[in-house]
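J.: Generate a structure from the sequence data that follows.
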Amino acid sequence: MTQKIVIKVEMTSDRCRSKAMALVAATSGVNSVALAGDGKDQVVVVGDGIDSVKLTTALRRKVGHAQLVQVGEAKKEEKKPAEAAAAVVEYTYPWNYYQYPSHAVPVYEHPAGAYGYQQYHSRPDTCSIM
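T.: As a prediction, the model looks like this:
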């Protein structure tokens, strides 16, 4: 059974809002989280098997004063296809955008070898100990 929980939380800044959203989203069983209300002070949680009292208590501890407003069964809202089609925005690249091909970068080796030391291993027939 999917349930909808509305919790009113005192959130004065965007940081508090994002903290509350992260806390609620990390709770097991949560399907979606949204902010509602005039001052974006209500957290609307939709999920399956969520303990609303524990969630409210966690919000009180981490964010601030929280009050459980509503717990009920979530109803699916039917969206009109005209609204969905109007929301799609097609983004095209600007006319002056051109992706240049990647160029091969030349690699040069110094005759002294790595780190400025001579490379003794370049002549395999000599002994490197003496």
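J.: Quick one: residues contacting the spatially closest residue to Glu73 that is not a sequence neighbour.
T.: In space, and not counting its chain neighbours, Glu73 is closest to Gln3: 6.0 Å by C-beta to C-beta, 6 or more residues apart in numbering. Every C-beta, even on glycine, is put in place using the N, C-alpha and C of the backbone. Applying C-beta atoms under 8 Å, 6 or more residues apart in numbering, one finds that Gln3 lies in contact with Val46, Gly47, Asp48, Ile50, Ser52, Val71, Gly72, Glu73, Ala74.
J.: Is it correct that Gln3 falls within a strand?
T.: Yes: judged by DSSP: H, G, I helix; E, B strand; the rest coil, Gln3 forms part of a strand.
J.: Out of the contacts of Gln3, name the ones that lie in helices.
T.: Applying DSSP state H to these, the entries found in helices are Ser52.
J.: on that earlier part again, so in terms of bridging, what pairs with the residue nearest to Glu73?
T.: With DSSP bridges as the criterion, Gln3 is bridged to Gly47, Glu73.
J.: so where's this structure uncertain?
T.: Within the chain, the set of residues satisfying pLDDT under 70 comprises 77-130.
J.: In it, what residue spans correspond to helices?
T.: With DSSP H as the criterion, the chain has helices at 14-25, 52-62, 81-87.
J.: could the ones you listed go into JSON lines alongside distance to Gly37 and mean neighbour count?
T.: Formatted as JSON lines, those follow (distance: least, C-beta to C-beta, whole Å; neighbours: other C-beta atoms under 10 Å):
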{"stretch": "helix 14-25", "distance to Gly37": "11", "mean neighbour count": "16"}
{"stretch": "helix 52-62", "distance to Gly37": "15", "mean neighbour count": "15"}
{"stretch": "helix 81-87", "distance to Gly37": "23", "mean neighbour count": "8"}
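J.: Out of those, flag the one nearest Gln42.
T.: Closest to Gln42 of the helices of the chain, according to C-beta to C-beta: helix 14-25, at 10.3 Å.
J.: now the angle from that closest one to helix 52-62?
T.: 150 degrees (axes from the mean of the first three to the mean of the last three C-alpha atoms, to 10 degrees).
J.: Using PDB, write down the CA coordinates of helix 14-25.
T.: Below are the C-alpha coordinates for helix 14-25, written out as PDB (Å, rounded to 0.1, in the frame of the first residue of the first chain):
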ATOM      1  CA  ASP A  14      17.700  26.500   1.300                       C
ATOM      2  CA  ARG A  15      20.300  24.600   3.300                       C
ATOM      3  CA  CYS A  16      17.600  23.400   5.700                       C
ATOM      4  CA  ARG A  17      15.400  22.400   2.800                       C
ATOM      5  CA  SER A  18      18.100  20.400   1.100                       C
ATOM      6  CA  LYS A  19      19.100  18.800   4.400                       C
ATOM      7  CA  ALA A  20      15.400  17.700   5.000                       C
ATOM      8  CA  MET A  21      15.100  16.400   1.500                       C
ATOM      9  CA  ALA A  22      18.300  14.400   1.800                       C
ATOM     10  CA  LEU A  23      17.200  12.900   5.100                       C
ATOM     11  CA  VAL A  24      13.800  11.900   3.800                       C
ATOM     12  CA  ALA A  25      15.100  10.600   0.600                       C
END
